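Undergrad: Can you look at this prediction? I've put the sequence above it.
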Amino acid sequence: MNRTVKSRVSLRVAIVGAGNVGTVLGRVLVEEGARITAVVSRSRSSARSAASFLRCRTYADDLTAIPPETDIIFITTPHDAVAGVASALARLDGLEFSRMGACHASGMLTASVLKPLEERGSRVFSFHPLQTFPRGFPPRRIVPLARGIWYGADGSRPGLRMARRLAGALRGRVIEIPPEFRELYHATCVVASNHLTVLLSVVREMYGGVRPEGRSRPGPFRPIIEATIFNVFATSPASALSGPVARGGVDTVAKHLEAVRRSLPALLPYFTRMTLETIRLAVAGGTLTPERREALENLVMSYTQDPPTIGNRQ
């Protein structure tokens, strides 16, 4: 009888930064067979808590706690602390830099911020997880969603080879991001996660205008949301687009705009902007005649003249 034996990861990784990113990805590594050699954080208590979750005995608030047998130092601090950590690490005498890799998890920064470590002989790379790690969620809840994801990376060829090794240990894959497009890449991540969260918040608020319980329980919309996401990834956004704009339904869109202005005026700027983007997508999908496109755009623009209303909508 043949049995598939899961290969074990032999990496030894030190984590600098005890927030959700380092704790969650560290846990995935541990479950895949890697060993966390140390957890270092500005707060010794947070380092201790993360180390316990990662089955690691070494935790500290000082970088000197990182043992020399470490293969990769994974910096998972906020991005404005990465440069300082890299410089401080490069000044240490007890690490074998020439046989080590070093990376950071920032979406905004490239591998160049780790230059001090590269100058000491380390293979450096950026390693940004394309996943969301909400601060209010306990790490254990996020771990199942962090296995098999993509990582935005850049660096030298040796650094990228190590990035792929680390991604493999996490059951993930690497996408190379040209350094000159790093900010645009990170903005894309913001749209994919944060803007989607805002969109779902708008759904909740609009449903609350229909039924008071909708603000707290927009459950009826889950199937249509999930089906839409499935259709987009199965085909393309343009092919998956349906609804009144795609059909050129000027009268229907007019009634929608008026309903939003009447009931939820604070959302009108959002609704008009998104309707214009929907028109653009419908044009790309070839579902609108020039006449219908012009009529829809003129209609929506007539609703953009009102000054935006901003307030607490929670």
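TA: Looks like it came in fine.

Undergrad: ok, Glu96 - contacts?
TA: Residues in contact with Glu96 (CB atoms under 8 Å, 6 or more residues apart in numbering) are Pro68, Glu69. Every C-beta, even on glycine, is put in place using the N, C-alpha and C of the backbone.

Undergrad: try 7 Å
TA: Pro68 (CB atoms under 7 Å, 6 or more residues apart in numbering).

Undergrad: Low-confidence ranges, the stretch 201-314 of the chain, go.
TA: The model of the stretch 201-314 of the chain has pLDDT under 70 over residues 306-314.

Undergrad: where exactly do the helices run in it?
TA: For the stretch 201-314 of the chain, applying DSSP state H, counting those that start in this stretch gives helices covering 222-234, 237-240, 244-247, 250-263, 268-284, 290-301.

Undergrad: Then the stretch 51-200 of the chain?
TA: Using DSSP H, counting those that start in this stretch, helices in the stretch 51-200 of the chain cover 79-90, 115-119, 139-142, 157-169, 182-190, 196-210.

Undergrad: And those: which comes nearest Val245?
TA: In terms of CB to CB, the element of the helices of the stretch 51-200 of the chain nearest to Val245 is helix 196-210, at 15.8 Å.

Undergrad: Now do the closest one: which elements does it pack against?
TA: Applying 3 or more CB pairs under 7 Å, 6 or more residues apart in numbering; DSSP states H and E, one finds that helix 196-210 makes contact with no other helix or strand.

Undergrad: residues in contact with that helix?
TA: Gly214, Arg215, Pro218, Phe221, Ser263, Leu264, Leu267, Tyr270, Arg313.

Undergrad: separation between the first one and Val191?
TA: Pointing back at Gly214 there. Going from Gly214 to Val191 by CB to CB, to the nearest Å gives 25 Å.

Undergrad: These two: which has the busier surroundings?
TA: The residue with more neighbours, out of Gly214 and Val191 and counting by other CB atoms under 10 Å, is Gly214; that gives 18 against 10.

Undergrad: so who does the more buried one touch?
TA: Counting by CB under 7 Å, 6+ apart, Gly214 has contacts Arg204, Tyr207, Gly208.

Undergrad: Distance of the closest residue to Pro244 other than its chain neighbours relative to Thr272?
TA: Nearest residue to Pro244, sequence neighbours excluded (CB to CB, 6 or more residues apart in numbering): Thr252, at 4.0 Å. Counting by CB to CB, the gap from Thr252 to Thr272 is 15 Å.

Undergrad: One more: Glu258?
TA: 12 Å.

Undergrad: ok, back up a step: just send the helices of the stretch 51-200 of the chain back as TSV, with mean neighbour count too.
TA: Output for the helices of the stretch 51-200 of the chain, formatted as TSV (neighbours: other CB atoms under 10 Å):
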stretch	mean neighbour count
helix 79-90	17
helix 115-119	18
helix 139-142	16
helix 157-169	19
helix 182-190	15
helix 196-210	15
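
Undergrad: quick one: which of the ones you listed is nearest Tyr151?
TA: helix 157-169 (5.1 Å).

Undergrad: So which elements touch the closest one?
TA: Helix 157-169 packs on strand 123-126, strand 150-153, strand 173-176, going by 3+ CB pairs under 7 Å, 6+ apart.

Undergrad: okay, it in CSV with CA atoms only?
TA: Presented in CSV, the C-alpha positions along helix 157-169 are these (Å, rounded to 0.1, in the frame of the first residue of the first chain):
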residue,chain,number,x,y,z
ARG,A,157,18.8,36.4,-7.9
PRO,A,158,20.2,34.6,-4.7
GLY,A,159,17.6,36.5,-2.7
LEU,A,160,14.7,35.5,-4.9
ARG,A,161,15.8,31.9,-4.8
MET,A,162,15.6,32.1,-1.0
ALA,A,163,12.2,33.8,-1.3
ARG,A,164,10.9,30.9,-3.3
ARG,A,165,12.3,28.5,-0.8
LEU,A,166,10.5,30.4,2.0
ALA,A,167,7.3,30.6,0.0
GLY,A,168,7.5,26.8,-0.6
ALA,A,169,7.9,26.2,3.1
